[in-house]
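Participant: got a predicted structure plus its sequence, pasted below:
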Amino acid sequence: MKQEAIALAGVPVAEPLVAEGAAAGPLVEVDQLSVRFVTREATVAAVNGVSFSIMPGEVLCIIGESGSGKSVTMRALMRLLPRGKTWIAGAIRVAGHEILKLSERQLTDIRGSTISMIFQEPMTALDPVYTVGHQIAEAVARHQGCSHADGLRRALELLELVKVPSPQRRLKAYPHELSGGLRQRAMIAMALSCRPQLLLADEPTTALDATVQIQVLVLLRTLQRELGMSMIFVTHDLGVAAQIADRVAVMYAGRIVEAGPVGEVLMKPQHPYTRGMLASSVHGSERGVDICAIPGSPPDLRRLPPGCSFAPRCKYADVDCRSAEPPATALGPGRTVCCFKVGTPILQA
């Protein structure tokens, strides 16, 4: 791990915050996580029994259509969901910490130092009335116990680390004075300011043009490897997942329906939904040939259908699929699929 890449002379570099008694093993363990948003009008089942684990230094990419529960899962890991309207069940363990049992003070201590997040739209995530340098320095001072001046020096090195041109000038710029790509780099710098063990990236390239998107992806992957972080990357772009992930989890209607090493999932998909997403891509398609889009629309999370949530859109579905939820079937180490048809001739045809 190249800790010196973001170390700054005169500023203490904190050791990773690991709970006492934490054993070697997965950095992140999510077990049967369920999230409900409860209002007077309805209850929205946003996440439904999600389980996964991440080893230190590993990149997990969560993919799926909009509304599949990806971003809600990410925010649940940091407990950023609205209080009073959110019901959460299951277990979330990060670096030995039971996230759902921590007090607000404990959460404040680990946000930024143990877990950090890059949000989808930096213009709304950054504070418009403070300079970029001030916002990064504030995070450094809060978690590292240094002065604001030392935090500003650290902020300058971080902007250099994420390859922001003219970093001294950008340090004094307000968010609205930066382009979309530079704002995203500034947010990455802020997320890395306290050397987190886990970095959450919620569709950080969606609002960027293709050229800047590639630059940000390369930057994130490079920094992740240099700093030895684990990362969860959320996207609906299969091409992005192929470039950045070690493992992939495919979500549909708040459930992980397929998971495994990125090469196996994208090259040999087993769930009809994963196959449908790959077939819907324009990459590799022949000119003049219609794209095979998935029929229908995602289910209403206020009224999930019984059985497999994908059954109403699946050409292989039968009575069993519509009456019972398929369990996770193990196909190999770390490779699971939730489908009754896995291994049957009908799915192999």
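Facilitator: Great, that's in hand. Residues are numbered from 1 along each chain as shown.

Participant: how far away is residue 175 from residue 342?
Facilitator: The gap separating residue 175 from residue 342 is 47 Å, by CB to CB, to the nearest Å. All C-beta atoms are positioned from the backbone trio N, CA, C, and that covers glycine.

Participant: compare the two and say which is more crowded by neighbours.
Facilitator: Taking other CB atoms under 10 Å, residue 175 and residue 342 do not tie; residue 175 has more neighbours (21 against 17).

Participant: I'd guessed residue 238 sits against residue 277; true?
Facilitator: Yes. Between residue 238 and residue 277 there is a contact under CB atoms under 8 Å: 6.5 Å.

Participant: shared neighbours of those two, anything?
Facilitator: Counting by CB atoms under 8 Å, 6 or more residues apart in numbering, the residues touching both residue 238 and residue 277 are residue 63.

Participant: what's the helix or strand encompassing residue 74 in contact with?
Facilitator: Here residue 74 sits within helix 70-78, counting by DSSP states H and E. Contacts of helix 70-78 with the rest of the structure, by CB under 8 Å, 6+ apart, involve 28, 30, 33, 35, 46-47, 50, 62-64, 81, 88, 92, 94, 99, 107, 111, 115, 117, 120, 198, 200, 202-203, 232, 234, 236, 251, 254.

Participant: drop anything exposed from the residues you listed.
Facilitator: 28, 30, 33, 35, 46-47, 50, 62-64, 88, 92, 94, 99, 111, 115, 117, 120, 198, 200, 202-203, 232, 234, 236, 251, 254 (16 or more other CB atoms under 10 Å).

Participant: can you pull out the strands in the stretch 201-349 of the chain?
Facilitator: Taking DSSP state E, counting those that start in this stretch as the criterion, the stretch 201-349 of the chain carries its strands at 230-235, 247-252, 255-261, 329-332, 335-337.

Participant: roughly how far apart are residue 61 and residue 255?
Facilitator: 17 Å.

Participant: for residue 272, same thing?
Facilitator: 14 Å.

Participant: all helices of the protein, in order?
Facilitator: All helices of the chain, identified by DSSP state H, fall at 70-78, 104-110, 122-125, 132-144, 148-161, 167-171, 180-192, 210-227, 238-244, 262-267, 272-279, 319-323, 345-348.

Participant: can you redo these as TSV with distance to residue 295?
Facilitator: Below are the helices of the chain laid out as TSV (distance: least, CB to CB, whole Å):
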stretch	distance to residue 295
helix 70-78	22
helix 104-110	43
helix 122-125	34
helix 132-144	46
helix 148-161	46
helix 167-171	47
helix 180-192	34
helix 210-227	29
helix 238-244	19
helix 262-267	22
helix 272-279	9
helix 319-323	15
helix 345-348	17
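
Participant: for residue 309, which of those is the nearest?
Facilitator: helix 272-279 (9.2 Å; CB to CB).

Participant: tell me which residues are up against the closest one.
Facilitator: Contacts for helix 272-279 (CB under 8 Å, 6+ apart): 63, 65, 238, 250, 252, 257-258, 265-266, 269, 291-294, 310, 313-316, 339, 341, 347.
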